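Structure of the sequence below:
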Amino acid sequence: MFSDAPLLAVKDLVKYYPTSRGFLEPQRFVRAVDGVSFDIAAGETLGLVGESGCGKSSVARCIVRLNEPTSGRIELRGEDIAHLPESQMRPLRRNLQIIFQDPFSSLNPRHRAGDIVAEPLVNFALAEGAELDRRVAALFDRVGLRREQMRNFPHEFSGGQRQRLGIARALAVNPALIVCDEPVSALDVSIQAQVINLLSDLQRDLGLAYLFVAHDLSVVEHISHRVAVMYLGKMVEVAARETLFAAPAHPYTQALLSAVPVPDPTRRRTRTLITGETPSPIAPPSGCRFHTRCPLAEAICRQAEPELVEIAPGHAVACHLKKADAVS
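As a prediction, this is how the structure comes out:
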C-alpha cells in the first residue's frame with residue numbers, strides 16, 4: 001500500500017518549444033506537453049507510455065528541471081518546484097534524480113567510473129576522503145559492479161554496465177524519486193531484464209518511487225504499479241497496471257496494447273488498427289486530439305476536448321464515449 005499523500009504531484013504541466021521562424025512570420029510553438037496532471041506515491045512506479053513524440057520525455061525532463069516548464073505545478077512533497085530559482089532548487093535535487101536513455105552519452109568519457117559515481121556526493125558535500133571511497137564502493141556493490149572497475153573509463157564497460165553506472169550515480173544521494181527516461185530501450189533484451197530486475201530490487205530495499213518512461217509495454221507491465229498513457233501532449237488514460245492491460249478503455253490504449261507481440265504462436269489476437277499520421281504538435285486538431293485517427297470518433301469528438309475523468313475507482317479516461325458510458 002502507498003501513502004495517501006503523493007510524493008510528487010504534477011498539475012496542468014505545460015511545455016511549449018518555440019520554432020524557428022522567418023522574417024515577419026508569427027512565432028509558433030511545438031506543444032510537447034499541454035496540460036498533463038498525475039501523481040506518484042512514495043515507493044510507487046508510474047509507467048508513462050505513448051508513441052514517439054507524444055511528450056513523455058519532455059514531461060520527465062521538466063520534472064527534474066532539465067527543461068523549464070512553460071506553466072503548471074510540480075509539487076515535490078507539497079512544495080511547488082516548477083519555477084524555483086536554481087539557488088532554491090539545488091538542495092531539492094537530492095530527492096529527485098534521473099536515469100537517462102543513452103547509457104554512454106550520459107557519462108563523461110574523460111572521467112573514471114568511480115569519479116562519475118562520486119560526483120553527486122562531492123557536489124552535495126556528503127562525503128570525502130576514505131568515506132567517499134567507501135560509499136562509492138558500496139554503490140558499485142549495490143548495482144552489481146566490481147569494485148576494481150572503479151578505475152575504468154566508460155568505454156571499458158558494456159551497455160548494461162554503463163546503465164548500472166547511471167543507476168549508481170542516481171542512487172548516490174539517496175533520492176526519494178528517480179525519473180527513468182527509457183532506461184533500457186538502448187539495451188539488448190537479456191540485459192533489459194537484468195536492469196529492470198535491479199530497479200525492482202532497489203525499490204523494494206530502499207523504498208524508491210519511479211516515473212518510468214518507456215514505449216515497450218511489456219517492460220512497463222513488468223515494473224509499474226500504475227500506467228499513464230499520453231497522446232500528442234495529452235494524458236488519455238491512467239489506471240492500475242492490471243486494469244489497464246486487462247481492460248483498456250481509451251481507443252488509443254486499445255490500439256497500443258493490440259500491437260504488443262504475443263509470445264504464444266498458437267494464440268490469436270484481434271488487432272485494433274489506427275490509420276493516418278499523428279497530427280503535428282504545432283497545430284494539434286480541435287476537440288479530442290485522437291479523433292483524426294479514431295475509428296469510433298463522433299461529432300462531439302471533433303468539437304470538444306474531453307476531460308480526464310474517473311470512470312471507475314482509480315481508472316481515469318479522456319474520452320467522450322467512455323464518459324457517456326460511465327454516466328449511463
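
Now stretch 303-316: buried residues?
For stretch 303-316, the neighbour count (16 or more other CB atoms under 10 Å) marks 305, 306, 308, 311, 315, 316 as buried. Heads up, the C-betas are built off the backbone N, CA and C, glycines and all.

again with stretch 66-79
67, 69, 70, 72, 74, 75, 76.

Same check on stretch 175-183?
Going by 16+ other CB under 10 Å, stretch 175-183 has these buried residues: 175, 176, 177, 178, 179, 180, 181, 182, 183.

ok, the second one - contacts?
Spelled out, it's residue 176. By CB atoms under 8 Å, 6 or more residues apart in numbering, residue 176 lies in contact with 7, 42, 77, 95, 96, 208, 209.

Over to the second one: give its phi and psi.
Summarising the backbone geometry of residue 42 under the convention degrees, to the nearest 10, its torsions are phi -60, psi 130.

Tell me how many other residues crowd it.
16 (other CB atoms under 10 Å).

what does the fifth one give?
Residue 96: 23 surrounding residues under other CB under 10 Å.

Confirm for me that residue 287 is in contact with residue 304.
Yes: with contact defined as CB atoms under 8 Å, residue 287 reaches residue 304; the gap is 5.7 Å.

how far out from the middle of the chain is stretch 167-187?
11 Å (CA atoms, centre = their mean, to the nearest Å).

Just the endpoints, please. Distance across that stretch?
Start to finish, the residues bounding stretch 167-187 are 14 Å apart (CA to CA, to the nearest Å).

buried stuff in the strand or helix carrying residue 198?
Using DSSP states H and E, residue 198 sits within helix 189-206. By 16+ other CB under 10 Å, the buried positions in helix 189-206 come out as 191, 192, 194, 195, 196, 198, 199, 202, 203.

would you list every one of the helices in this structure?
Per DSSP state H, the chain carries helices over the ranges 56-63, 86-89, 113-123, 129-142, 159-171, 189-206, 217-223, 241-246, 251-258, 299-303, 320-327.

Which other helices and strands does the fifth one contact?
Helix 159-171 makes packing contacts with strand 96-99, helix 113-123, helix 129-142, helix 189-206 when contacts are defined by 3 or more CB pairs under 8 Å, 6 or more residues apart in numbering; DSSP states H and E.

Extract the C-alpha trace of the second one and format it as CSV.
The C-alpha trace of helix 113-123 is given here as CSV (Å, rounded to 0.1, in the frame of the first residue of the first chain):
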residue,chain,number,x,y,z
ALA,A,113,33.7,5.3,-13.3
GLY,A,114,34.4,5.9,-9.6
ASP,A,115,34.6,9.6,-10.1
ILE,A,116,31.3,9.6,-12.0
VAL,A,117,29.5,7.9,-9.2
ALA,A,118,31.3,10.0,-6.6
GLU,A,119,30.4,13.3,-8.3
PRO,A,120,26.9,13.8,-6.6
LEU,A,121,28.4,13.0,-3.2
VAL,A,122,31.1,15.6,-3.8
ASN,A,123,28.7,18.2,-5.2
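
Restricted to strands, list the buried residues of stretch 303-316.
311, 315, 316 (DSSP state E).

quick check, nearest of those residues to residue 36?
Distance to residue 36 across these (CB to CB) is lowest for residue 316, with 12.4 Å.

measure that closest one to residue 243 for me?
To residue 243, residue 316 is 11 Å away according to CB to CB, to the nearest Å.

now swap in residue 102 and tell me
33 Å.

what two of the buried residues of stretch 303-316 are the furthest from one another?
305 and 315 (19.8 Å).

Please list all residues in contact with residue 35.
12, 13, 14, 72, 233, 234.

Could you list the low-confidence segments of the stretch 1-150 of the chain?
1-4 (pLDDT under 70).

Quick check: the residue most central in space within the chain vs residue 279, distance?
Compute the mean C-alpha point of the chain, and by CA atoms, centre = their mean the closest residue is residue 213, 2.7 Å away. Computed as CB to CB, the residue 213 to residue 279 distance reads 22 Å.

Give me the domain ranges for the chain.
8-224, 250-328 (automatic domain parsing).

With respect to burial, which of these scores highest?
Most buried of these by mean neighbour count (mean count of other CB atoms under 10 Å) is domain 8-224; its value is a mean of 18.

show me the contacts for residue 8.
So residue 8 contacts 39, 40, 63, 74, 75, 76, 177, 209, 211 (CB under 8 Å, 6+ apart).

Columns distance to residue 124 on top of these, output as a markdown table?
As requested, these are exported to a markdown table (distance: CB to CB, whole Å):
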| residue | distance to residue 124 |
| --- | --- |
| 39 | 26 |
| 40 | 23 |
| 63 | 19 |
| 74 | 21 |
| 75 | 22 |
| 76 | 16 |
| 177 | 16 |
| 209 | 20 |
| 211 | 22 |
